[in-house]
Structures are given as C-alpha cells and as structure tokens.
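A.B. asks: Compute the structure for the input listed below.
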Amino acid sequence: MTPRILVVDDEQELERLIRQRFRKQIQAKELDFLFAANGLEALDRLQSDCSVDMVITDLNMPQMDGLSLIARLSAIDATLQAVVMSAYSDLSNIRQAMNRGAFDFLTKPIDFQDLERTIQKTLKRVQHSRKKRQQAQQAEQTLLWAAHHDSLTGLPNRRAFLQRVNQRMTRPTAASGEGASEMGVASGASPMAAAALEPKWEPDIPCSSPESLYAVLFIDLDRFKLINDSLGHFVGDALLRSVAERLQHCLREPDVVARLGGDEFAILLEDIQDVSQAIAVARRIQEQLRLPFQLLDNIEVYSQASIGISLGVHTYQQPEELLRDADIAMYCAKAQGKGRYKVFDPIMQIRARECLELENDLRRAIERHEFSLHYQPILSAATGQLQSFETLIRWYHPSRGLIFPSQFISLAEETRLVVPLGWWVFQSACQQLRQWQEQYQSSLHLNINFSIVQLQQINLVERIAEILEATGLSGESLKLEITESYLLENISAPIETLRRLKNLGIQLCIDDFGIGYSSLSRLHEFPIDILKIDRSFLKRVDIRTGTHLEMIQMIITLAHSLNMAVVAEGVETVEQLQALQDMGCNFVQGFLFSQALNSQLASQLLQQEGLLPFPGPFPR
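C.D. replies: Prediction:
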C-alpha cells in the first residue's frame, strides 16, 4: 500500500515544490501526498481518511497552529508520526513540538534531500510501530480466544459456556429467532463441520407449550480414565477431539457445545418445545459415542457417555445453578449404570448432598476401622465340598447401621478411596486365610475382588508380593476377581500385569462375565483361569422350558475348551443347580447354599469340614 503523507502549510508554493521534487515517486506510486492549509483542515482530512502514515506540519498557521494539531494526532492514530517545519530561530516552538510527540523537525527553507531522508526514516518508524500494534492486537485476540476456548478441542470453555447460558437466561422465553450464538459453530467447528450441523430433531415429538424453552446437557465420558491411563495421554487427547467433533454433528447451528474440562462436556440446547427434545438429543449423542473411534496408529477405542439434563425454568437465577443440576443428574445416570441419561429432579439434589455426606463418612470410616470382611462359600458343583470363599466387605456405620458394597464402592472408586480400602481388604483377607490354614490344615482358597482403579496402580504386583511374604501366604491360595471391563482394550499393559500376577501363583477370575464388552473369541488372549457367570444369566433362565440356557452352555463349553473353570453365581434353586451340573459347571455360589458369613461363622463352617447343612443333590 502506498505510504500517504499529509503536508500542512499555508504556503501554496510548498505544495508545488514537493510535487515537483517527488514526481517520480508519486508516478510510481511509491509515495502519495495530501495537502492542507491549516490545522483544522488537516484534522478534517485525518478524521475522514485514516490511511495517512505521517504528517509534515508548519508551526505557525492561521485558525489552528501546528502545536495544537500535533497534540490531537494520537487520539486519531497512536502510530501516526509528525514532523514539524519551522525557522531555525524558532527553537522554543520546535522543543514544544517534540515534547508533544513530534518525531523529527525540519528547518526552513526546506532542504529537499533532508526532507526525503526524514520521510524515509519516519515511514520506517511508522511501519515498525504499526507492526508492533498488530502483533499486540493479535496477542490480545489470542489471549481473548484462549480465555474463552479450550485449547485441545477448540470448543468454548466453561467460562464462555456459562456466559452463553446467562445470555439465554436473560432472554424472554417466547421464541424470537434471535440470539444465534457466535460461539455455537464458529468457535468450535470448521466450515465443513458447520455445513453438516443441520437440525436433526426426531419427528412427531409433541409440543407441550407454545413457548420455547432451553436445556443444558452435562456429558461425562465413561471409562475415559481407563483409556487415558492405559493407552496414554496422546490417545486420550485424540479421543477428546473426536468426541468434540461428534457432539457438534449432533446439534443444530444455534446450539452450543463446550468442553468444561477433563472428559466433561456441556451443551446448551436453544429453543426447544419440551424436555422430550432434549432427551432425543441425549439419545442421539449416546448412539454416536457408542460407535468405535479410530484414533492414532489405527487404535480402535470404544466409549460411551453418561448424560444429565436440566431444563431451563424461571426458578434458576444463575447459570451455574443450571449446570450444577445437570451435573447432579449426570451422576445419578452414572450410578445406575454407564451409558445412560437422566433428567434432573429436585430430589436428586437431596441425594447429592447425602452422597457428599457419605463420602465424608467413608473417609472417616477408613480411619476408624468401621469395615469388616464377610465370606461367601464357593462350592464344587460335583461334590458340594467347600472350595473357596469370596471375600466381601461390609461397612458398619455408627448411625446408619450396615451398609452394603453396592451403596459405597462406586463412590470409593470415583474418589480413589478404594485404593487404601482395597489394600486393607487384601491384607486382612490374607491374614485371615493364613490363620485358617494353620488352624484347620485346610487347602482353602480365597477369592478377592480388585477394581479397575486398584489394578491400575504402578506398584500393584510388588505390593501384593510384599503382603504375601509378610503373611506367609502362598500365591496359589488366592484367586483375584477382576471385572470384564478391565480386559476391554486390546492392549499390552493389562496382559503384562496379569502375567506378572500369574507368576506369583495367583489364579485370575473374570467376575460378572457376560455383562461387559469382551468378546468370547478374545478369551484366549488373556491368562485367565476362571470365568464367573453373572447372576443375571440365571435370573433370565426358565428351567421348565430351557429358555436362555443355550448362552450359559456356550460360555461353559468355550471356557472348558480354553482350560478355564466356570463359577455360576446367584444360584438360588435346586433346579438351577441341577441344570448347571448337567452343563458341566465346575463351581457354584449363591443363597441356595449360604449367604456371606462373618469370620466367626466361616470358621464354624471350616470346623464342619466345609459341609453346609442343606438339602441338595450333592453326594455326602
């Protein structure tokens, strides 16, 4: 762009001389000159045309002198530079001009070679100043963008999301067609992605109100920590970016999706008619997130999400309240099983407070030793002989009484309190088993449950080996029960950990087999000794018609072909037991034989040589 110079002087002869001197530069469009007769005329020019790079001004002029003009230049453009012209004898005015911001001065009569050098020097200064200003503006824009966006996914962050929700809360509820968010698509989606974000509401959804509503969805990825810890942060980050893209494709253009942090996302649904539309979006999101993700180096990962929904109603005063209730609903969904959604109900808030109280009580319970171990017998399906106990934890709360694991284990895993609690269980169970072995000369085994959080500990194998040595217990006496989801990813880390446990002589058992995601065809990849068929399979079986027995038979047959034993849990009737015997099941466990026993009752059972007093088809 051609540099533009405004010359301010009431001598018309100066204009002619400048045009003549710089004729070639003007014709080559290397320089462009504008002229004004006084300060007022110059200001009019500058205010109507801001593309001036420098001002050359006389000091003594009618209407507005050069000093007054220089004082006003910074308000028009801070990078605009001024050069003053004056007689050499007018040094006091030149000094004033320099103090007011003039860059340089020229003495009259003008030396045009000096003028040319001064113009080049001044233009370089202007160029440098404007480059610095542009860099500062870009840095400011970058900081502003970073303050409102997530750097990993490019989505709006929590701060921007809450601002957007606040804007929606202050709008009238009647549909106005206004307020399409500049953050909805432009902040998080590429132009191609934006083109794909078309309305996708499910058809035939009844409208309960002529007024439009809005809703907030709180989304938390299930099992993300397992993927992140097992496959590494690069894969975890790639998964988060892919999830962000899929979420955007599930929404309309006015809707906003944001990453709140970690594996948590939030969505603002604009202008919906009732909650059923928010539910439709939640279902669509869950369907999309259940599809496999192809990540770095062709790693295939499966994920799903728990979603909480809160509907925008007039009772909310702050956007944080709406997000909080969606968060509470999400945790309620997660508590009922992964990959679910829940709509907020005020009673959930009461339960959330109870959950927080339970967490505080749980921390104190570990310190106060309020836990005890119970043992449920596992019997040979062929002989009825006691083979093992499954170790189960019980919490005796000082005011609530007995609390079963189903009420606090998920909370313990979420808060990682399961780590110290799990080591207490393991050490106490090993001490108890060693005591029984010495007292009854028994070959009894113990089954001990290990959660995913426990199995992810770096020093897991070393810590187990230390406890075995300290208690004098052989690893062959233990069977560790691990969840099927721990084996979900086809990765080397879990397999290596399992092999190291096997090297200690410990047997490995997949707990609740059949309800997770493992393929039957993948069992041979893992060093597993025992499959434990989940109790839900037996509940579905109709013994009279044989319905659903085929699945159990298939699991038993495949396990035996891989040299694995099979335990059926949840056996409650003699008919179920007989069917399992006919199918070749190795071990059985359930209320038909015994509930979980405290250590004293378990000791009495061992005194009876493991024979339980109940009618059954076992030979005695």
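
A.B. asks: give the contact list for the residue sitting nearest the centre point of the chain.
C.D. replies: Residue closest to the average C-alpha location in the chain (Cα atoms, centre = their mean): residue 263, at 1.1 Å. Contacts for residue 263 (Cβ atoms under 8 Å, 6 or more residues apart in numbering) come out as 220, 221, 224, 225, 240. For glycine as for every other residue, the C-beta is placed from the backbone atoms N, C-alpha and C.

A.B. asks: Look up the pLDDT of it for me, please.
C.D. replies: On pLDDT, residue 263 comes in at 93.

A.B. asks: what element comes up after the helix or strand of the chain with the lowest mean pLDDT heading to the C-terminus?
C.D. replies: Ranking every helix and strand in the chain by mean pLDDT, DSSP states H and E puts helix 191-196 at the bottom, with a mean of 33. Downstream of helix 191-196, the next assigned helix or strand under DSSP states H and E is strand 213-222.

A.B. asks: and that next one, how far out from the chain's middle?
C.D. replies: Counting by Cα atoms, centre = their mean, to the nearest Å, strand 213-222 is centred 12 Å from the centre of its parent chain.

A.B. asks: Now that strand: average pLDDT?
C.D. replies: So the average pLDDT for strand 213-222 ends up being 93.

A.B. asks: cool, stretch 527-543 as well?
C.D. replies: 86.

A.B. asks: Next, the buried residues of that stretch.
C.D. replies: For stretch 527-543, burial by neighbour count (16 or more other Cβ atoms under 10 Å) applies to 528, 529, 530, 531, 532, 533, 534, 535, 537, 538, 541.

A.B. asks: list the contacts for residue 465?
C.D. replies: residue 504.

A.B. asks: how about it, phi and psi?
C.D. replies: phi -60, psi -40 (degrees, to the nearest 10).

A.B. asks: Next, work out how far apart it and residue 410 are.
C.D. replies: According to Cβ to Cβ, to the nearest Å, residue 465 stands 29 Å off from residue 410.

A.B. asks: Can you list the low-confidence ranges for the protein?
C.D. replies: 50, 88-89, 172-211, 485-493, 514-523, 610-620 (pLDDT under 70).

A.B. asks: for it, which strand is longest?
C.D. replies: The longest strand of the chain (DSSP state E) is strand 386-397.

A.B. asks: ok, then the element right after it?
C.D. replies: From strand 386-397, the next helix or strand downstream (DSSP H and E) is strand 401-403.

A.B. asks: What residues sit buried inside that next one?
C.D. replies: Of the residues in strand 401-403, those buried (16+ other Cβ under 10 Å) are residue 403.

A.B. asks: start the count at 23, not 1, going forward
C.D. replies: Happy to do that; since the first residue is 23 now, the last one works out to strand 423-425.

A.B. asks: Output the contacting helices and strands for the helix or strand following it.
C.D. replies: As assigned by DSSP H and E, the chain's next helix or strand after strand 423-425 is helix 431-436. With contacts taken as 3 or more Cβ pairs under 8 Å, 6 or more residues apart in numbering; DSSP states H and E, helix 431-436 sits against helix 368-390, helix 440-462.

A.B. asks: and the last one, which residues are buried?
C.D. replies: Just to be clear, that refers to helix 440-462. 440-441, 443-444, 447-452, 454-456, 458-459.

A.B. asks: ranges for the helices of the stretch 273-422 of the chain?
C.D. replies: Here the stretch 273-422 of the chain has its helices, by DSSP state H, counting those that start in this stretch, at 297-312, 341-357, 368-390.

A.B. asks: burial count for residue 464?
C.D. replies: Residues near residue 464, counting by other Cβ atoms under 10 Å, number 15.

A.B. asks: that older thread, between the buried residues of stretch 549-565, which is closest to residue 418?
C.D. replies: Closest approach to residue 418 among these (Cβ to Cβ): residue 557, at 25.1 Å.

A.B. asks: List phi and psi for the closest residue to that closest one other than its chain neighbours.
C.D. replies: Spatial nearest neighbour of residue 557, excluding adjacent residues (Cβ to Cβ, 6 or more residues apart in numbering): residue 592 at 2.6 Å. Main-chain torsions, residue 592, degrees, to the nearest 10: phi 80, psi 20.

A.B. asks: And residue 592, how far from residue 534?
C.D. replies: Where residue 534 is concerned, residue 592 sits at a distance of 10 Å (Cβ to Cβ).

A.B. asks: Show me how the record splits the protein into domains.
C.D. replies: Residue ranges for the domains of the chain, per automatic domain parsing: 26-168, 180-366, 435-616.

A.B. asks: re the thing from before, which neighbours do residue 592 and residue 534 have in common?
C.D. replies: By Cβ under 8 Å, 6+ apart, the residues touching both residue 592 and residue 534 are residue 556.

A.B. asks: on that earlier part again, redo the domains of the chain as CSV? Include distance to residue 390.
C.D. replies: Below are the domains of the chain laid out as CSV (distance: least, Cβ to Cβ, whole Å):
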stretch, distance to residue 390
domain 26-168, 46
domain 180-366, 25
domain 435-616, 12
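
A.B. asks: coming back round to it: so for residue 320, which of the helices of the stretch 273-422 of the chain sits nearest?
C.D. replies: helix 297-312 (19.5 Å).

A.B. asks: ok, back up a step: could you dump the buried residues of stretch 549-565 to JSON lines with secondary structure and distance to residue 161?
C.D. replies: As requested, the buried residues of stretch 549-565 are exported to JSON lines (DSSP: H, G, I helix; E, B strand; the rest coil; distance: Cβ to Cβ, whole Å):
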{"residue": "550", "secondary structure": "coil", "distance to residue 161": "57"}
{"residue": "551", "secondary structure": "coil", "distance to residue 161": "61"}
{"residue": "552", "secondary structure": "strand", "distance to residue 161": "61"}
{"residue": "553", "secondary structure": "strand", "distance to residue 161": "60"}
{"residue": "554", "secondary structure": "strand", "distance to residue 161": "59"}
{"residue": "555", "secondary structure": "strand", "distance to residue 161": "62"}
{"residue": "556", "secondary structure": "coil", "distance to residue 161": "58"}
{"residue": "557", "secondary structure": "helix", "distance to residue 161": "61"}
{"residue": "559", "secondary structure": "helix", "distance to residue 161": "62"}
{"residue": "560", "secondary structure": "helix", "distance to residue 161": "66"}
{"residue": "563", "secondary structure": "coil", "distance to residue 161": "68"}
